[in-house]
Structures are given as C-alpha cells and as structure tokens.
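**Student:** give me the fold of what follows.
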Amino acid sequence: MLIVVTYDVSTESAAGRKRLRRVAKACERVGQRVQKSVFECQVNEMQYEALERELLAEIDQDEDNLRFYRITEPTELRVKQYGTFRAIDFDGPLVV
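**Tutor:** From the prediction side, this is the model:
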C-alpha cells in the first residue's frame, strides 16, 4: 500500500530538534522524501504498523503533529505530480 506521512515537529528546543531528526530518519528508512516533512512510503500492513508505532514513540503529542494518509489503489488515479521531482516507481523495474 502507498502511504503518505507528514509531520510538523516543534524545533524550539534542543529536544525538539533531536525529535525532528529521529522522525525524519525513521521515515527515510521506509520511504522517499517528496517535501521537507512529507514522505511517500510503499509498505505492507506490518511495516505500516511498525512505522506508526515508531513515530508515535518519537513525537511529543502536546507539541508536534503527525499524519498518515493511506492512498487507495490504483494510485495513478489518485496521485498527480507536476514539476521537476519525480517519485520512484516502486513497482517498476530496478535499474542500477
């Protein structure tokens, strides 16, 4: 499934800046950054639940914001992109 993860982590304190780095690293492990605080992730149900648990453990729910969007299939009918950035086709052939 394709999910979109967005977050807004308060960086007013040193602890907030550390949280921001940890949240970004967790998202980078499973997806690709499409905006500064927005990631697209191609995951199965187990990976989705693990990521959600990991991110919920990192954020401060009194200061931060975390959102998950599950994009229903077929994604080519749900996602339009314009501009210079092109997302990786997770289902396409891997060319090295």
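
**Student:** now do the helices in the protein.
**Tutor:** Remark: helices assigned in the chain by DSSP state H are 14-30, 45-58.

**Student:** elements contacting the longest one?
**Tutor:** Judged by 3 or more C-beta pairs under 8 Å, 6 or more residues apart in numbering; DSSP states H and E, helix 14-30 is in contact with strand 2-8, strand 38-42, helix 45-58. Using the backbone N, CA and C atoms, a C-beta is placed for each residue, glycine as well.

**Student:** so where's the chain uncertain?
**Tutor:** Scanning the chain for pLDDT under 70 picks out 75-76, 80, 85-96.

**Student:** switch the cut-off to 90
**Tutor:** 1, 71-96 (pLDDT under 90).

**Student:** ends of stretch 34-46, what's the gap?
**Tutor:** Distance between the boundary residues of stretch 34-46 (C-alpha to C-alpha, to the nearest Å) amounts to 23 Å.

**Student:** buried set for that stretch?
**Tutor:** Within stretch 34-46, the residues that count as buried by 16 or more other C-beta atoms under 10 Å are Val34, Ser37, Val38, Phe39, Glu40, Cys41, Gln42, Val43.

**Student:** now the second one, nearest residue through space, not along the chain?
**Tutor:** With sequence-adjacent residues excluded and distances taken as C-beta to C-beta, 6 or more residues apart in numbering, Ser37 is closest to Tyr7, at 5.2 Å.

**Student:** which residues does the one you found bridge with?
**Tutor:** Taking DSSP bridges as the rule, Tyr7 bridges to Leu66.

**Student:** ok, it - contacts?
**Tutor:** Going by C-beta atoms under 8 Å, 6 or more residues apart in numbering, Tyr7 touches Val23, Cys27, Ser37, Leu55, Ile59, Asp64, Asn65, Leu66, Arg67.
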